[in-house]
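Trainee: With the input below, show me the fold.
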Amino acid sequence: MATEADGHWVRTALERHREPLLRFAASLVGRSHAPDVVQDTFLALCKAERGEIEGRLAPWLFRVCRNRAIDLLREQERLEPMNDDENTESSESGPASSVERRQSLGRMQAVVEQLPKNQREVLLLKFSAGLSYKEIGHVLDITVTNVGFILHTAIKSVRERLAEEAEPAAVRSAP
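Mentor: Got it, this is the predicted structure:
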């Protein structure tokens with residue numbers, strides 16, 4: 001039977017982890033399905049034994065979210081692209097800087113989407129969700145050392161691809 005303390009614990013978890021979970025789920029299943037995946041994640045939290053999760057709540061939530069997203073993808077047999085419909089402009093941004101920022105975000109998103117699945121997930125869990133290496137290891141069921149290696153490889157790949165794109169066409173075609 002759930003107590004008032006359990007209800008408060010779930011509400012606190014919801015307030016703290018909802019947005020990072022939504023971003024993570026959106027990266028896996030698209031923005032339109034992310035709220036459903038996160039809702040299922042919190043429903044699972046309501047049904048879970050608090051004592052079994054306490055002390056490792058964030059990795060547990062992200063693992064459940066990931067598993068639910070994978071299940072949804074299997075059901076749909078397709079991956080929807082993530083759209084950048086959030087307002088990322090500051091009130092002081094001019095039209096030119098706004099266009100430049102959107103182009104940069106679009107290039108970065110395209111490069112990240114080209115990464116192998118394990119690299120993309122580690123990168124998103126680290127920088128979008130803010131999880132530690134240990135927490136990422138729990139979510140993906142890999143060692144902390146492996147998390148570090150995969151993250152390093154992902155960052156290196158992103159940097160190299162962005163540098164290649166920034167290279168002028170004339171330089172690339174030179175012998």
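Trainee: This structure - how does it break down into domains?
Mentor: Here the domain parsing of the chain from automatic domain parsing is 4-76, 100-168.
Trainee: so how far is the longest one from its chain's centroid?
Mentor: In other words, domain 4-76. Here domain 4-76 shows a centroid-to-chain-centroid distance of 12 Å under the convention Cα atoms, centre = their mean, to the nearest Å.
Trainee: same question, the shortest one
Mentor: The gap between the average C-alpha position of domain 100-168 and the chain average comes to 10 Å, counting by Cα atoms, centre = their mean.
Trainee: Might one say that residue 60 is in contact with residue 54?
Mentor: No: contact criterion Cβ atoms under 8 Å: residue 60 and residue 54 do not qualify, at 9.4 Å. Any C-beta I mention is one placed from the backbone N, CA and C, and that applies to glycine too.
Trainee: Just want the phi and psi numbers for residue 130.
Mentor: phi 70, psi 30 (degrees, to the nearest 10).
Trainee: What sits closest to it if chain neighbours are left out?
Mentor: Once flanking residues are discounted, residue 130 sits nearest to residue 20: 6.4 Å by Cβ to Cβ, 6 or more residues apart in numbering.
Trainee: Any buried residues in the host helix or strand of that neighbour, and which?
Mentor: Under the criterion of DSSP states H and E, residue 20 resides in helix 4-29. Across helix 4-29, burial judged by 16 or more other Cβ atoms under 10 Å covers 9-10, 13-14, 17-18, 20-29.
Trainee: Just the closest of those to residue 125, please.
Mentor: In terms of Cβ to Cβ, no member of these lies closer to residue 125 than residue 24, at 6.8 Å.
Trainee: For the closest one, which non-adjacent residue is closest in space?
Mentor: Per Cβ to Cβ, 6+ apart, closest to residue 24 is residue 129, 5.2 Å.
Trainee: shouldn't the one you found be in contact with residue 23?
Mentor: Yes: contact criterion Cβ under 8 Å: residue 129 and residue 23 qualify, at 7.0 Å.
Trainee: which residues touch the residue nearest to the spatial centre of the chain?
Mentor: Closest to where the C-alpha atoms of the chain average out (Cα atoms, centre = their mean) is residue 24, at 2.9 Å. By Cβ atoms under 8 Å, 6 or more residues apart in numbering, the contact list for residue 24 reads 62, 65-66, 124-125, 128-129.
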